[in-house]
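> give the three-dimensional model of this entry:
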Amino acid sequence: MGDRWFRSGLPVADIDGVTTRATRFRRAGVGLAAVLASLAPLGAAGVGNAAAAAPRVAAASRVITLGQTYHIQFAGTLDRTVAADVYEVDGGDTSKAVVTALHDRGKIVVCYISAGSWENYRPDADKFPASVLGRTLAGWPDERWLDIRKVHVLMPLMKARMDMCVRKGFDAIEFDNVDGQSNRTGFPLTRAEQIRYDRALARAAHARDLQPGLKNAIGLIPELVNSFDWALNEQCVQYSECKPYRAFINQGKAVFVLEYNVTVKRMCAVTQPLKLYAQKKHLSLNAWRVTCS
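Numbers count the residues shown, from 1 in each chain. Got it, this is the predicted structure:
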């Protein structure tokens, strides 16, 4: 099954009312055969020391769990009135004041960062050496894949981004582009190398009391479900790929699903029996959403 890309990349008014660039979202398609082939464990060995910043004590009420509702918004003025337990916003574009305001409304707040691609508009873009920059993402000349084999180079940069999330008061974190091994990155990435990097990210997040969420990477679920606290998927209904998320549900971990093209009726018929929280969204990831209830 070929790669499938969806993201919002147009300048929009951000959640503080300032015009900025919307964060990009994408997914890489994984067939069911690839998922089944992934069932052989690769072991728990990881890379790097996750303990960098002193762990903070998260509010007990701000823990992502099965049964919660979810809202994601990267475009337009943030709608703070959505009846959702969990809000996800861009980590770089969102101020501490906005995170605090969401906490005051009883929300759990997720910090979005890209952990597998270089974005030339980020403040830390010049800290990435040319040696870790791979192929340009098709149609997006301002973004390139990262060589996740260079853990010693990338993890300090990713930990600095996580520390930013902590300073702003975020409760959880979503790492985008953590399935480079199934994409044309310009590097001969293997499953084992991707799993090692993803586990290093999860450990670093836990060391900072940030709850890590696994984005897509369906074929890596058997190896990563124990490392991540929740999951986010795009279009598992459209591509008949939702069942592997039972691994998260069976551990009482929340799974949030975004669909763009299927009918709400079909979306709900597939996700509700699996206990996945699904919503239909515009590709721009603005405030608009339709849920199953």
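> residue 288 - how many residues pack around it?
The tally of other residues near residue 288 (other Cβ atoms under 10 Å) stands at 14. Using the backbone N, CA and C atoms, a C-beta is placed for each residue, glycine as well.
> for it, give its distance to residue 233.
Plainly put, residue 288 is 19 Å away from residue 233 if you go by Cβ to Cβ, to the nearest Å.
> where do the helices sit along the stretch 101-250 of the chain?
In the stretch 101-250 of the chain, the segments counted as helices under DSSP state H, counting those that start in this stretch are 151-167, 191-207, 221-224, 246-249.
> go ahead and measure how far the following helix or strand past the last one is from the middle of the chain.
Taking DSSP states H and E as the definition, the helix or strand that follows helix 246-249 towards the C-terminus is strand 255-259. For strand 255-259, the gap between its own C-alpha mean and the chain's C-alpha mean amounts to 11 Å (Cα atoms, centre = their mean, to the nearest Å).
> got the contact list for strand 255-259?
Strand 255-259 is contacted by residues 25, 70, 72, 86, 230-238, 242, 245, 248-249, 267, 271, 274-281 when judged by Cβ atoms under 8 Å, 6 or more residues apart in numbering.
> contacts for whatever helix or strand comes next after that strand?
Tracing the chain C-terminally past strand 255-259 and defining elements by DSSP H and E, one meets helix 264-274 next. With contacts defined as Cβ under 8 Å, 6+ apart, helix 264-274 is touched by 237, 242-243, 245-246, 249, 255, 257, 259, 277-278, 280, 290, 292.
> out of these, which are buried?
237, 242, 245, 255, 257, 259, 277, 278, 280 (16 or more other Cβ atoms under 10 Å).
> what's the burial count for residue 154?
A count of nearby residues for residue 154, using other Cβ under 10 Å, gives 23.
> ok, now residue 179?
By the criterion of other Cβ under 10 Å, residue 179 has 23 neighbours.
> now it, nearest residue through space, not along the chain?
Using Cβ to Cβ, 6 or more residues apart in numbering and skipping residues adjacent in sequence, the residue nearest residue 179 is residue 217, 4.0 Å away.
> what about that neighbour, neighbour count?
As a burial measure, residue 217 scores 27 neighbours (other Cβ under 10 Å).
> contacting residues for the closest residue to residue 194 other than its chain neighbours?
Counting by Cβ to Cβ, 6+ apart, residue 194 lies nearest to residue 181, which is 4.1 Å off, once chain neighbours are set aside. Counting by Cβ under 8 Å, 6+ apart, residue 181 touches 189, 190, 191, 193, 194.
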